[in-house]
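In: sequence and predicted structure are below.
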Amino acid sequence: MSEGQNNNEYAGLQFDGYECQFPLVRGTENETGIDISKLRKETGAVTLDYGYVNTAACRSSVTYLNGEQGILRYRGYPVEELAENSRFVEVAYLLVHGKLPTESEQEHFSTLLNEYSMIHEDMRHFFYNYPEHAHPMGILSAMVVSLSSFYPEMSQGNSQLGMSEEEVDVATTRLLAKIRTIAAFSYKKSIGEPFVYPRHDLKYCENFLNMMFSSPVYDYQIDPEVVKALNILLILHADHEQNCSASAVRLVGSAGVNLYAAISAGISALWGPLHGGANQSVIQMLEQMQREGGDLQKYIDKAKDKSDPFRLYGFGHRVYKNYDPRAKIIKSTCHDVLEKLGKDDPLLQIALDLEERALNDEYFIRRGLYPNVDFYSGIIYRAIGIPENMFTVMFALGRLPGWIAQWKESREDPQFRIQRPRQIYVGPNLRHYVPMSERE
Ligand code: CMC
């Protein structure tokens, strides 16, 4: 990782009558940070930054995101080029290993993904004990942390700190291979069908689709258009720098827990409707609009009303103040997929109308609120047969290589230390215990 620091540049801070100097840190794309590592030592003060809106938690070389210009690159490669030319497994390799694979590296990686794709038979029994309508995200998170009991390849008390590079490679590849089996099994469980095992002759996405949709009485035909769409969706979700779930992975990982525990925390964070859970909320919102006769203005007005908790799901982003580049690709893929599969989804027209209204509305214009990655993805998932409660699981499948890359990078960082923010205490000052009989 490049140091990203210019020792001759400083920012000054006037505080309590004297001036302190803090070094500037410049990224490779000229992003600027003020390194305040010594702030408390020098001033006794801390920073207060709700939502970490102004705080860089680390230096990272995984993903470059420029929200003003709508740029997203993995390891320097524009996401548009990757979505057009690459497959998800190649992008996963790129994120985890930092470079595009050669042919033999790709072949080896794919072979390992197949070899590790089964889950321990005892783990299979876990699925049976969930209630019928358990959400697959809850199952996914629990199953991923359970992997640490079945595959304790980590040395030194299961901690990430004692793992060799080779052990890290095995653990991360194992997780990438098994997560799609777990995801497909959780779906089969939710519909009460028998599990379909992974097949060594199928590639990553094909294998997943087969485990989802084949059954003892139905031989699922893998459609190359569906495979292409799935590859694009997974690639577009593969990383997004220090978002809420990646930060959860890094934060939990910073305690030294094993990989599976850290990723499980990321899955739980992703589930939230303000994060990856928004893809399910978007479809539920569009369905509700359809049921109620398509009064879109009513929902636009609700979203603008500060006394109403409703938000337009699939709109807005902490970092993008311009069109989310992922949403642009997903929107056009959505048209392609529906056309090629000969499907007509009335929700697409509702979504298009809603977008048009919002983008012409002063409230959304002034705040720079555009469709995000979750706005159109659900319509593609519906078209390829993925049920609503699996949408966020699909996001997790895609995001896994990013979480792994972020986790690996944090443990390799020379400045790795446990993450432990400060606070500004605003509670009562010292007071003394009063016996219950004397309390008013
Ligand atoms: N509908 C209505 N108003 C909105 C929305 C929305 N979807 N998003 C933001 N705003 C308003 C917000 O109320 C605020 O208004 P004001 O300045 O008057 O207080 C202003 O826009 C700025 O928003 P913010 O709350 O400061 O934005 P944030 O960075 O804290 O939150 C967000 C980002 C994504 C959580 C938020 O935009 C949101 O809740 N969107 C809907 C949920 C959603 O689609 N989430 C998926 C995000 S993309 C996938 C991922 O990577 O997680």
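Out: Great, that's in hand.
In: in this structure residue 279 contacts residue 395, no?
Out: Yes - with contacts counted by Cβ atoms under 8 Å, residue 279 reaches residue 395, the gap being 6.2 Å. In this view, the C-beta of every residue, glycine as well, is placed from N, C-alpha and C.
In: residues in contact with the residue in the stretch 201-350 of the chain that the ligand sits nearest to?
Out: As assessed by Cβ to the nearest ligand atom, the ligand sits closest to residue 316 within the stretch 201-350 of the chain, at 2.4 Å. By Cβ atoms under 8 Å, 6 or more residues apart in numbering, residue 316 lies in contact with 367, 369, 370, 372.
In: am I right that residue 424 falls within a strand?
Out: No - assigned with DSSP: H, G, I helix; E, B strand; the rest coil, residue 424 falls outside any strand and is coil.
In: how about the nearest residue to it, chain neighbours excluded?
Out: With Cβ to Cβ, 6 or more residues apart in numbering as the criterion, residue 424 has its nearest non-adjacent residue at 5.6 Å, and that residue is residue 48.
In: and that neighbour, how many neighbours does it have?
Out: 8 (other Cβ atoms under 10 Å).
In: just to check, it is in contact with residue 421?
Out: No - under the criterion of Cβ under 8 Å, residue 48 makes no contact with residue 421, lying 10.1 Å away.
In: mind showing which ranges of the protein have poor pLDDT?
Out: For the chain, applying pLDDT under 70 flags the ranges 1-7, 153-162.
In: longest strand in it, by number of residues?
Out: Secondary structure of the chain per DSSP state E: the longest strand is strand 18-26.
In: what does this protein have sitting close to the ligand?
Out: 51, 240, 243, 274-276, 278, 303, 311-318, 367, 369, 372-374 (Cβ under 6 Å from any ligand atom).
In: among these, name the ones in helices.
Out: 278, 303, 367, 374 (DSSP state H).
In: which of the residues you listed sits closest to residue 338?
Out: Using Cβ to Cβ, the shortest approach to residue 338 within those belongs to residue 374, at 17.8 Å.
In: need the strands for the stretch 51-200 of the chain, in chain order.
Out: Per DSSP state E, counting those that start in this stretch, the stretch 51-200 of the chain carries strands over the ranges 63-66, 71-74, 77-78.
In: could you list the domains of this structure?
Out: Annotated domains of the chain cover 5-56, 71-271, 278-384 [automatic domain parsing].
In: ok, which of the ones you listed comes nearest residue 390?
Out: Closest approach to residue 390 among the domains of the chain (Cβ to Cβ): domain 71-271, 5.6 Å.
In: mind listing what residue 73 touches?
Out: 63, 64, 65, 79.
In: just residue 184 next, same as before
Out: For residue 184, the contact set (Cβ under 8 Å, 6+ apart) comprises 195, 196, 208, 211, 212.
In: in helices, which of these appear?
Out: Counting by DSSP H, the contacts of residue 184 place 208, 211, 212 in helices.
In: counting neighbours, what do you get for the closest residue to residue 213 other than its chain neighbours?
Out: In space, and not counting its chain neighbours, residue 213 is closest to residue 220: 4.0 Å by Cβ to Cβ, 6+ apart. Per other Cβ under 10 Å, the neighbour tally for residue 220 reads 15.
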